[in-house]
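Colleague: Sequence and predicted structure, then a few things I'm wondering about:
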Amino acid sequence: MLKIENLHVEIDGNEIIKGLSLEVGEGEIHAIMGPNGSGKSTLSNVLMGHPRYEVTEGTVTFMGQDVFELEPDERAKLGMFLAFQYPSEVPGVSVANFLRTAVNSVREEELSPMEMYRLLQEKMQIMQMDPKFAERYLNEGFSGGEKKRNEILQMLMLQPKLAIMDETDSGLDIDALQVVARGVNEMRGPEFSAVLITHYQRILRYIEPDHVHVMLDGRIVTSGSKELAEELEEKGYDWVRQEFGSATKS
């Protein structure tokens, strides 16, 4: 579904991603772990087309199409979705109106107001959200947990083929983390894949990954099963630097 080959990315002349390769198959959940500054969030932004980053080398294909030839809205229509680490506030635009516009923009046929209402109520129930939440302005005055729930609500409404989740678990208490995980697991199936970007193993207790990758200094230095995340939790990122640091210099 997603194939990244020898990706190099820089910002303001500084190279952040330094030859990253990754393949995500249909129905697979991949976790990318790594310390601050390793390039994880840069990867998520580049995949969705943030204009600040410059791709200097490498290729990315999604569903067989060259991602870099597509605008961000075209990537979304093709089935890519990004859950932000820091969702933006949009005063004056309600959650319901935002979702109505977003959902209809990626569908071939628009949903009727009644269909949209039923779909929204169904997905909000999964996320344990009060129906009045839909009337609030998008992320304005939301707590951290509410913002993250709203990101997963958007994912459930849009039904993407690939979700890139940039530290969606950061700042969440256990209850909110479990609800967010429930939303992701609700999507899980042969036609849905996800890339979970995280510092910690705790979200992987609720969303079991098929593959775990460790990112260091702009590259994936080692990969494994969920046991790798447990080992990382036990030994810390200093172990990664000592064990695999030489790989980033080759």
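Modeller: Nice, I can see it.
Colleague: Name the residues that touch the helix or strand of the chain with the lowest mean pLDDT?
Modeller: Within the chain, judged by mean pLDDT, DSSP states H and E, the helix or strand with the poorest mean is helix 237-244; its value is a mean of 85. Under the criterion Cβ atoms under 8 Å, 6 or more residues apart in numbering, residues 34-35, 214, 216, 221-222, 232 lie in contact with helix 237-244. Every C-beta, even on glycine, is put in place using the N, C-alpha and C of the backbone.
Colleague: Verify the contact between residue 136 and residue 96 for me.
Modeller: No. Counting by Cβ atoms under 8 Å, residue 136 does not reach residue 96; the two are 9.1 Å apart.
Colleague: what sits against the residue sitting furthest away from the middle of the chain?
Modeller: No residue in the chain sits farther from the centre than residue 114, which is 29.5 Å out by Cα atoms, centre = their mean. By Cβ under 8 Å, 6+ apart, the contact set of residue 114 is empty.
Colleague: which stretches of the chain form strands?
Modeller: 2-11, 14-24, 29-33, 54-62, 65-66, 80-83, 90-94, 137-138, 162-166, 193-198, 211-216, 219-224 (DSSP state E).
Colleague: can you list those strands in JSON lines and add distance to residue 144, mean pLDDT and mean neighbour count?
Modeller: What follows is the strands of the chain, written out as JSON lines (distance: least, Cβ to Cβ, whole Å; pLDDT from 0 to 100; neighbours: other Cβ atoms under 10 Å):
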{"stretch": "strand 2-11", "distance to residue 144": "26", "mean pLDDT": "96", "mean neighbour count": "18"}
{"stretch": "strand 14-24", "distance to residue 144": "26", "mean pLDDT": "96", "mean neighbour count": "18"}
{"stretch": "strand 29-33", "distance to residue 144": "21", "mean pLDDT": "96", "mean neighbour count": "24"}
{"stretch": "strand 54-62", "distance to residue 144": "30", "mean pLDDT": "96", "mean neighbour count": "16"}
{"stretch": "strand 65-66", "distance to residue 144": "35", "mean pLDDT": "96", "mean neighbour count": "12"}
{"stretch": "strand 80-83", "distance to residue 144": "13", "mean pLDDT": "94", "mean neighbour count": "24"}
{"stretch": "strand 90-94", "distance to residue 144": "17", "mean pLDDT": "93", "mean neighbour count": "12"}
{"stretch": "strand 137-138", "distance to residue 144": "15", "mean pLDDT": "94", "mean neighbour count": "18"}
{"stretch": "strand 162-166", "distance to residue 144": "14", "mean pLDDT": "94", "mean neighbour count": "25"}
{"stretch": "strand 193-198", "distance to residue 144": "15", "mean pLDDT": "94", "mean neighbour count": "24"}
{"stretch": "strand 211-216", "distance to residue 144": "24", "mean pLDDT": "95", "mean neighbour count": "23"}
{"stretch": "strand 219-224", "distance to residue 144": "28", "mean pLDDT": "94", "mean neighbour count": "17"}
